[in-house]
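Engineer: Just the structure for this:
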Amino acid sequence: MLENIRLSFQGIWAHKLRSILTMLGIIIGIGSIIAIVSTIKGTNEQIKQNLVGAGNNAVNIQLYQGDWVYDMSYQSPPEGVPMIGEEALQAVNDLPEVSEASLYYSRNEYGAVYNGSRALDGGNILGIDSHYFDVYGYQVTRGRGFSDRDFSSGRKVALIDKTASANLFQGEDPVGRTIDIKGEPFVVVGLMGKKAGFEPVINSLDDYYRYSSDYSSGTVCVPSSVWPILYRYDEPQSLAVHAVTTDDMTAAGEKAADILNSYLAVTDDSIQYKGEDLLKQAAQLQELSASTNRQLIWIASISLLVGGIGVMNIMLVSVTERTREIGLKKALGARKRRILGQFLTEAAVLTGLGGILGIGGGIALAYGISHLTSTPVAISVPAILIAFLFSTLIGLLFGLLPSVKAAGLNPIDALRHE
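Structural biologist: I've put the predicted structure just below:
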């Protein structure tokens, strides 16, 4: 085998230009497939990161009526939907897919938060418990967070994000200042922000509308214990859970929703808790992206077929050129198997070398496309291995006919060949 490989490289080196031209179809085909697969994988990872976020495995479970979130702003709480109690919350925390859970209230309102004449247009108002920041990956960047005393005493204090701070205070320090929420004075005790900064990668207007879920002019958090001062008593909460891993998010959301639904006593079956399945959304978007790219892979595979035909052609030429050599080897006792192995090895080495060059070219092409179009790229090691094996297999398949022809030559006729 090693001798056959050595002879194959000698033959390729002796006819360098012819070998390169023969490998060209393989190089182009493998390179195109590697570039497409790398782009598909990179795009899929970007879609997943855009929806899930950078390491934030939070799943939002809300009360739905049919396919829409039940809006407490315009409707009274439905009968048969109790507040989420300690027993239900403990059952959620005991799930193996859940590391932490938090109860919260939410509203998105226009002109409900003021600082003098300045208002938040479409601001988010959240009533949170002590676990909310850990579940969603927030931290206090200035001032302080909510204390146990804030919750137990029902203090009217608030945390705001940098967007709300910019809109309400326009560069001034908000800590210690008083804002008006629904006609009630609240003291801003701190600024909040994400522990790990993350913004979706936006390459088009469609991406903007797809990934931008927060169109508010800021977020204001208050202790959940003071929520009834602003809105109503006995209002059902929403639930946020932090999954142990990103892959656990779907299971965590579904199991937590099942627990909450077991406490419902509604007559309307369309009213139930549902988890926001971001992984499912990501998978749907990934499938939409991959379906188009799979067609490109099939088109690129045509060049591999053309390259295989080129290999067969050049091997037939090589057999013709080396007829006397084959006859001499047979006259000296070489068996058909030996001749067959030599030419099959030469074809496999030729296409395998083309595959290696194609892999290198494909990786370079993928990064070139990424640089020019800002398309993300993720190199797939399994795809590289499969591409190399596939290119070698092409050599074996398309080199079989010339090899059989060489092995079947009559030694006397071969020696007489001019």
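Engineer: so G42 sits right up against S380, yeah?
Structural biologist: No. Contact criterion CB atoms under 8 Å: G42 and S380 do not qualify, at 9.5 Å. To be clear about C-beta, it is placed using only N, CA and C from the backbone, and glycine gets the same treatment.
Engineer: more neighbours, the two?
Structural biologist: G42 (19 against 15; other CB atoms under 10 Å).
Engineer: Using the three-state scheme, assign that one.
Structural biologist: For G42, the assignment made with DSSP: H, G, I helix; E, B strand; the rest coil gives helix.
Engineer: For it, which non-adjacent residue is closest in space?
Structural biologist: Leaving aside its chain neighbours, G42 sits nearest to P376 (3.6 Å; criterion: CB to CB, 6 or more residues apart in numbering).
Engineer: What's the local residue count around the one you found?
Structural biologist: Neighbours of P376 (other CB under 10 Å): 18.
Engineer: Look up how far P96 lies from it.
Structural biologist: As judged by CB to CB, to the nearest Å, P376 and P96 stand 32 Å apart.
Engineer: can you confirm F146 is in a helix?
Structural biologist: No. In this structure, F146 is coil, not part of a helix, as judged by three-state DSSP.
Engineer: Now do the phi/psi pair for it.
Structural biologist: With angles defined as degrees, to the nearest 10, F146 sits at phi -80, psi 130.
Engineer: what's near enough to touch it?
Structural biologist: Residues in contact with F146 (CB atoms under 8 Å, 6 or more residues apart in numbering) are I128, S130, V157, L159, V189, C221, P223.
Engineer: Now which of these would you call buried?
Structural biologist: Buried by 16 or more other CB atoms under 10 Å: I128, V157, L159, V189, C221, P223, out of the contacts of F146.
Engineer: Tabulate the residues you listed (JSON lines), appending secondary structure, distance to G354 and pLDDT.
Structural biologist: As requested, the buried ones among the contacts of F146 are exported to JSON lines (DSSP: H, G, I helix; E, B strand; the rest coil; distance: CB to CB, whole Å; pLDDT from 0 to 100):
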{"residue": "I128", "secondary structure": "strand", "distance to G354": "60", "pLDDT": "95"}
{"residue": "V157", "secondary structure": "strand", "distance to G354": "69", "pLDDT": "96"}
{"residue": "L159", "secondary structure": "strand", "distance to G354": "61", "pLDDT": "97"}
{"residue": "V189", "secondary structure": "strand", "distance to G354": "67", "pLDDT": "96"}
{"residue": "C221", "secondary structure": "strand", "distance to G354": "60", "pLDDT": "96"}
{"residue": "P223", "secondary structure": "strand", "distance to G354": "67", "pLDDT": "96"}
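Engineer: Which two of those residues have the greatest separation?
Structural biologist: Greatest spacing in the buried ones among the contacts of F146, by CB to CB: I128 and V189 (13.3 Å).
Engineer: Helices of the stretch 251-400 of the chain, start to end?
Structural biologist: 278-321, 323-331, 336-373, 381-398, 400-407 (DSSP state H, counting those that start in this stretch).
Engineer: didn't the residue nearest to G42 look like it was pressed against S38?
Structural biologist: No. P376 lies out of contact with S38 (CB under 8 Å); the separation is 9.4 Å.
Engineer: CA atoms only: put stretch 159-172 into PDB for me.
Structural biologist: In PDB, the C-alpha atoms belonging to stretch 159-172 read as follows (Å, rounded to 0.1, in the frame of the first residue of the first chain):
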ATOM      1  CA  LEU A 159     -34.900  50.200  39.900                       C
ATOM      2  CA  ILE A 160     -34.600  51.600  36.300                       C
ATOM      3  CA  ASP A 161     -32.400  50.600  33.300                       C
ATOM      4  CA  LYS A 162     -30.100  52.900  31.400                       C
ATOM      5  CA  THR A 163     -32.700  53.500  28.700                       C
ATOM      6  CA  ALA A 164     -35.300  54.700  31.200                       C
ATOM      7  CA  SER A 165     -32.700  56.800  33.000                       C
ATOM      8  CA  ALA A 166     -31.700  58.500  29.700                       C
ATOM      9  CA  ASN A 167     -35.300  59.300  28.900                       C
ATOM     10  CA  LEU A 168     -36.400  60.400  32.300                       C
ATOM     11  CA  PHE A 169     -33.300  62.100  33.600                       C
ATOM     12  CA  GLN A 170     -31.300  63.000  30.400                       C
ATOM     13  CA  GLY A 171     -27.800  62.400  31.800                       C
ATOM     14  CA  GLU A 172     -28.500  63.300  35.400                       C
END
